[in-house]
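> Fold the following and give me the result.
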Amino acid sequence: MKIRTRYAPSPTGKMHVGNLRSALYEFLIAKHEGGDFMLRIEDTDQERFVEGATEIIYRTLEKAGITHDEGPDKDGGYGPYVQSERIKTGIYMKYAEELIEKGEAYYCFCDKERLASLKTEVVEGKEITIYDKHCLSLPKEEIEANLAAGKPFVIRQNNPSEGTTTFHDELYGDITVENAELDDMILIKSDGYPTYNFANVVDDHTMDITHVVRGNEYLSSSPKYTRLYEAFGWEPPKYVHLPLVTDENHKKLAKRGGSSSFEDLIEQGFLPEAIVNFIALLGWSPEENREIFTLDELIRQFDYHRISKSPTVFDIVKLRWMNGEYVKAMDFDAFYEMAEPYLQKALTRGQDLQKIAAMVKTRIEVFPDIAEMVDFFEELPEYDASMYTHKKMKTNAQSSLEVLTELLPRLEVQEDYSNDGLYQMLSKYVEEKGVKNGYVMWPIRTAVSGKQTTPAGATEIMEVLGKEESLKRIRKGIELLEKAVQGVS
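Residues are numbered from 1 along each chain as shown. Okay, the predicted model is just below:
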């Protein structure tokens, strides 16, 4: 049977990392086996509906390269693909009434006051109200009279209160629960809308979904799904419950966290390809020992049996590293197109932005890093003379003052301020002095940048700054060093 998976998000805002991982895994499972991947919009919860959120879903999937074969915009014969549109067809009420006929569901007319009076029980650490099946035994005449009078009702699943229910998960194996823990969950709400759980089962069956992939927080709901499939006499899909995604403190990744959605990460300068690569490894490990994968490589490699059951940490440091690897591998023109707005914002003096972009390309992890890395080209920052002291280069304030003082006249008469021209002149000085390169280059780079780390060497920086600005900064360095040396002596 052809594999069919679906991503069924609710349009309630930005796409959370956990939701995107579910979409990615469902896409990879289908494509690895040459199957179909479907997009279905689950908008039955009107209270949580956010205007424009459906467009965010489309935009996110497109940017991530997760292409659906069927959906609201691609009819594959299983539509409608939006639950609010499916409601109009009467499909959910039809199947709920079928369960009532079988004795697997029933009308419930209990009002809020009665429901509030029911006892609560603690199940898996949560306090829940277990419905007492009060309306299950209502006489048929009373039910018909209530319906004829327009009395509000819900339709509840009739779950057994004794025995056990077992379901199978592809990662966790067989899981058995006591039926006493199963509430008679609502299938059709008082507004006529189906609940998320009921609509999910009906849609997955009628759309021939073979694999359902979701977070393991749904493990506790799975027995109820299993009972529904059994009540209808349908074959359940294969379940794959994914491990929890946590933050660095091993707490569930908050939906309102600064890096919890795809759009947040894009705004922070991460590349879509890097985000997808990173998310693929949140709970899944490939056979080979590598971490950088294109989407096509993920499709070929993805075996869902290698998904972990243990919680996985959303490590922003690792994501930054991975993004940096993608940035390094970018074509320069594509990189410059993305880097240019950041460079223009940081630099306003007509500097050669392309040259500066080439300097930072292999040194940044995300694009906003550019500003702090290049700001010294705009203006020399205030810095301390102690920066000239470097053990490895064997430099200190005295030696640096000597180097800069001796080089200043040579730099003043130097006409060729290209990287090559400057390097050739400085190399000659190094040779005359009988010292190592760093002994000379460190003080010059410090003087022209005012920073301990820069995206390029002294001569590359001077080429961009030009003669006048370079000399101005070296003179300032000499002045700073003279004060420092005098202070010491």
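> for the worst-scoring helix or strand of the chain on mean pLDDT, packing partners?
One helix or strand of the chain scores below all others by mean pLDDT, DSSP states H and E: strand 120-123, with a mean of 72. Strand 120-123 makes packing contacts with strand 126-129 when contacts are defined by 3 or more Cβ pairs under 8 Å, 6 or more residues apart in numbering; DSSP states H and E. C-beta coordinates here come from the backbone N, C-alpha and C atoms, glycine included.
> just checking, what packs against the helix or strand just after the strand it packs on?
Sequence-wise, the next helix or strand downstream of strand 126-129 (DSSP states H and E) is helix 140-148. When contacts are defined as 3+ Cβ pairs under 8 Å, 6+ apart, helix 140-148 packs onto strand 105-108.
> So for the strand it packs on, mean pLDDT?
When pLDDT is averaged along strand 105-108, the result is 98.
> Glu162: what's it in contact with?
Going by Cβ atoms under 8 Å, 6 or more residues apart in numbering, Glu162 touches 179-180.
> part of a strand, is it?
No. Glu162: not assigned to a strand; according to DSSP: H, G, I helix; E, B strand; the rest coil it is coil.
> Dump the lengthiest helix in the chain to PDB, keeping only the CA atoms.
Selection of the longest helix in the chain by residue count, based on DSSP state H, yields helix 467-488. Taking C-alpha atoms only, helix 467-488 is exported to PDB below (Å, rounded to 0.1, in the frame of the first residue of the first chain):
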ATOM      1  CA  LYS A 467      45.600  55.600   3.200                       C
ATOM      2  CA  GLU A 468      44.300  58.700   5.100                       C
ATOM      3  CA  GLU A 469      42.100  56.800   7.500                       C
ATOM      4  CA  SER A 470      44.800  54.100   8.100                       C
ATOM      5  CA  LEU A 471      47.400  56.700   9.000                       C
ATOM      6  CA  LYS A 472      45.000  58.600  11.200                       C
ATOM      7  CA  ARG A 473      44.400  55.400  13.200                       C
ATOM      8  CA  ILE A 474      48.100  54.500  13.500                       C
ATOM      9  CA  ARG A 475      48.900  58.000  14.800                       C
ATOM     10  CA  LYS A 476      46.100  57.600  17.400                       C
ATOM     11  CA  GLY A 477      47.700  54.200  18.300                       C
ATOM     12  CA  ILE A 478      51.100  55.800  18.800                       C
ATOM     13  CA  GLU A 479      49.500  58.500  21.000                       C
ATOM     14  CA  LEU A 480      47.800  55.800  23.100                       C
ATOM     15  CA  LEU A 481      50.900  53.800  23.500                       C
ATOM     16  CA  GLU A 482      53.100  56.800  24.400                       C
ATOM     17  CA  LYS A 483      50.800  57.600  27.300                       C
ATOM     18  CA  ALA A 484      50.800  53.900  28.400                       C
ATOM     19  CA  VAL A 485      54.600  53.700  28.200                       C
ATOM     20  CA  GLN A 486      55.000  57.000  30.100                       C
ATOM     21  CA  GLY A 487      52.600  55.800  32.700                       C
ATOM     22  CA  VAL A 488      54.600  52.600  33.200                       C
END
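> What are the buried residues along it?
Judged by neighbour count using 16 or more other Cβ atoms under 10 Å, the buried positions of helix 467-488 are 467, 469-471, 473-474, 477-478, 480-481, 484-485.
> So for it, mean pLDDT?
94.
> now stretch 97-114, how far from the centre of its chain.
41 Å (Cα atoms, centre = their mean, to the nearest Å).
> buried stuff in that stretch?
99-100, 104-110.
> Kindly report the same for stretch 294-305.
Per 16+ other Cβ under 10 Å, stretch 294-305 contains these buried residues: 295, 298-299, 301-302, 304.
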